[in-house]
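for reference, the sequence and a predicted model appear below.
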Amino acid sequence: MPELLPKNDFHRKIIHLDMDAFYASIEMRDDPSLVNKALIIGHDPRKHNGHGVVATANYIARQYGVHSAMPTAKAMQLVPVDRVAFVKPNFNKYRAVSGQIHELMHELTDQVESVALDEAYLDVTKNKLGIDSAIELASHLQQKIYRETGLTSSFGVSYNKFLAKMASEYAKPFGRTVILADDALKFLAEQKIEQFPGIGKKTQKQLHDLGIYDGADLQKLPVRFLIGKFKKMGYAIALHAHGIDLNPVLSDRRRKSIGIERTFENNIHSQDQALTIIRKFSHELSQKLKNKKVSANVVVLKIRSNSFETITKRQKLDQPTNQALEIFLAGKELYSQVPNFLEDGIRLLGLTATNLESKNYEEVPLELFTDSNILS
């Protein structure tokens, strides 16, 4: 084990369950005429003056290059007009189906950590069915979800959350991937850094500039080198490259989010004003998180135009944080990714810190960042 890394924990059995194209799959289930269409969940730009954003799309649409957060007008350019279909999002329906699926999860264990309506971690080390095999439990859950909802899902199984997440993404849709302790380092070595959860586009470019393209490249680097380049995030990258993630599955009984939102009597038409409000919300959230002694893994921005078009964007943070600056930078980045509502006017802004966790990791000693031996 390279220096500075903690001893790994192989005893846990973690499932990451991810529903396949969840919103689109529900709509195709409820309207079979959509099954062979390139289905986009979002407002049809032909009926909304060219406005609208893709919430999600089915796999046919994805083959044309459609993806979430894309303007629906751009999606229209990618898909033949005779193949495309738009359905307005129905979140009340999606939440109801999500609740049904979560009830099935809780038949296995109460150690369920929801990440979104369509995604959750389950710790089945000890479970209600008394089954030792996490693979058998995951298969049982996958099949039961299909029988009772008509929807497919993919799952990953491993000894920690990070690897279970990577596994569930490895073979979709209706995928089943298991990463055993003996195979983890080899599996990670073969993955491009773009496949590592938590390594965003900016960090990917920085790593590419250093000649680092996959897990094998990361595993060869001294931990001190990654810390020298990326500070705390570098330490997290080193942990993940070596298959280490000691974060527990946090059951839903704990509060999972803290949010602030405001509807404006006078619409916002200035970017500076919007960012000033996001900065103010960031400081308020930071104080709330510190008071609760928790940190956030995800920041969510909600924005609504004067015509009541609402967009919600989320960003996974490189490290859990309760610091106002880091929350603001995430909120600012999310704001840059949404369509320009300023001409129409921004009616509502909201900022939420979610996927909360108590501090459960050991800080890297400060001298690591000032050691003259760190490579640069």
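Everything's here; your move.

pLDDT on stretch 221-235, on average?
For stretch 221-235, mean pLDDT is 92.

kindly report the same for stretch 98-118.
91.

what of stretch 267-277?
92.

just how off-centre is that stretch within its chain?
27 Å (Cα atoms, centre = their mean, to the nearest Å).

what do you get for stretch 33-50?
The answer for stretch 33-50 is 24 Å, by Cα atoms, centre = their mean.

quick check: residue 319 is in a helix.
No - the assignment for residue 319, made by DSSP: H, G, I helix; E, B strand; the rest coil, is strand rather than a helix.

who touches it in this structure?
Residue 319 is in contact with 232, 233, 236, counting by Cβ atoms under 8 Å, 6 or more residues apart in numbering. C-betas here are computed from N, CA, C, even on glycine.

find the nearest non-adjacent residue to the second one, please.
Setting aside the residues directly before and after it, residue 233 is nearest to residue 318 in space (Cβ to Cβ, 6 or more residues apart in numbering), at 4.2 Å.

hang on, the one you found packs against residue 239?
No - here residue 318 does not reach residue 239: they are 12.0 Å apart, not a contact under Cβ atoms under 8 Å.

for the helix or strand hosting residue 291, output the C-alpha coordinates as CSV.
Residue 291 belongs to helix 271-292 when assigned by DSSP states H and E. Taking C-alpha atoms only, helix 271-292 is exported to CSV below (Å, rounded to 0.1, in the frame of the first residue of the first chain):
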residue,chain,number,x,y,z
GLN,A,271,-26.4,38.5,-13.9
ASP,A,272,-24.5,40.4,-11.2
GLN,A,273,-27.6,40.5,-9.1
ALA,A,274,-28.3,36.7,-9.6
LEU,A,275,-24.7,35.9,-8.6
THR,A,276,-24.9,38.2,-5.6
ILE,A,277,-27.9,36.3,-4.4
ILE,A,278,-26.2,32.9,-5.0
ARG,A,279,-23.3,34.2,-2.9
LYS,A,280,-25.6,35.3,-0.1
PHE,A,281,-27.3,31.9,-0.1
SER,A,282,-23.9,30.2,0.0
HIS,A,283,-22.9,32.0,3.2
GLU,A,284,-26.3,31.1,4.8
LEU,A,285,-26.0,27.5,3.8
SER,A,286,-22.4,27.3,5.1
GLN,A,287,-23.5,28.5,8.5
LYS,A,288,-26.4,26.1,8.6
LEU,A,289,-24.1,23.2,7.7
LYS,A,290,-21.6,24.2,10.3
ASN,A,291,-24.3,24.5,12.9
LYS,A,292,-25.5,20.9,12.1
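
what residues sit buried inside that helix?
Within helix 271-292, the residues that count as buried by 16 or more other Cβ atoms under 10 Å are 274, 277, 278, 279, 280, 281, 282, 285, 286, 289.

neighbours around the residue nearest to residue 233, how many?
Around residue 318 there are 21 other residues, counting by other Cβ atoms under 10 Å.

check residue 156 and give its pLDDT.
97.

for residue 338, what are its contacts?
53, 301, 303, 311, 313.

where's the residue minimising distance to the centre of the chain, which helix or strand?
Nearest residue to the geometric centre of the chain (Cα atoms, centre = their mean): residue 316, 5.7 Å. Using DSSP H and E, the element containing residue 316 is strand 310-321.

not counting its neighbours along the chain, what's nearest residue 215?
Excluding the flanking residues, the one nearest residue 215 by Cβ to Cβ, 6+ apart is residue 188, at 4.0 Å.

my read: the one you found touches residue 239, true?
No - using Cβ under 8 Å, residue 188 is not in contact with residue 239, being 11.1 Å away.

before we move on, back to that, just checking, what packs against the next helix or strand along the chain from the strand holding residue 316?
Using DSSP H and E, the next helix or strand after strand 310-321 towards the C-terminus is helix 324-336. If contacts are counted by 3 or more Cβ pairs under 8 Å, 6 or more residues apart in numbering; DSSP states H and E, helix 324-336 sits against helix 271-292, strand 294-305, strand 310-321, strand 346-358.

now do the buried residues in helix 324-336.
So for helix 324-336, counting by 16+ other Cβ under 10 Å, buried means 324, 326, 327, 328, 329, 330, 331, 334, 335.

list the contacts of the first one.
Spelled out, that is residue 324. Residue 324 touches 279, 282, 283, 285, 286, counting by Cβ under 8 Å, 6+ apart.

ok, for the fourth one, nearest residue in space, not its chain neighbours?
Ranked by Cβ to Cβ, 6+ apart and with sequence neighbours excluded, the top spatial neighbour of residue 285 is residue 353, at 5.0 Å.

would you say residue 340 is within a helix?
No - counting by three-state DSSP, residue 340 is not found in a helix; it is coil.

what about it, how many residues nearby?
Neighbour count for residue 340, taken as other Cβ under 10 Å: 9.

that one and residue 244, how far apart?
Counting by Cβ to Cβ, to the nearest Å, the gap from residue 340 to residue 244 is 42 Å.

one more: residue 59?
33 Å.

one more: residue 219?
On the measure of Cβ to Cβ, residue 219 and residue 244 end up 12 Å apart.

look at these two and report which has more neighbours.
Neighbour count, other Cβ under 10 Å: between residue 219 and residue 244, residue 244 has more, with 19 against 15.

which pLDDT value belongs to the more buried one?
Residue 244 is assigned a predicted lDDT (pLDDT) of 96.

show me what contacts the residue lying closest to it once chain neighbours are set aside?
Spatial nearest neighbour of residue 244, chain neighbours left out: residue 8 (5.2 Å); criterion: Cβ to Cβ, 6+ apart. Counting by Cβ under 8 Å, 6+ apart, residue 8 makes contact with 1, 181, 242, 243, 244.
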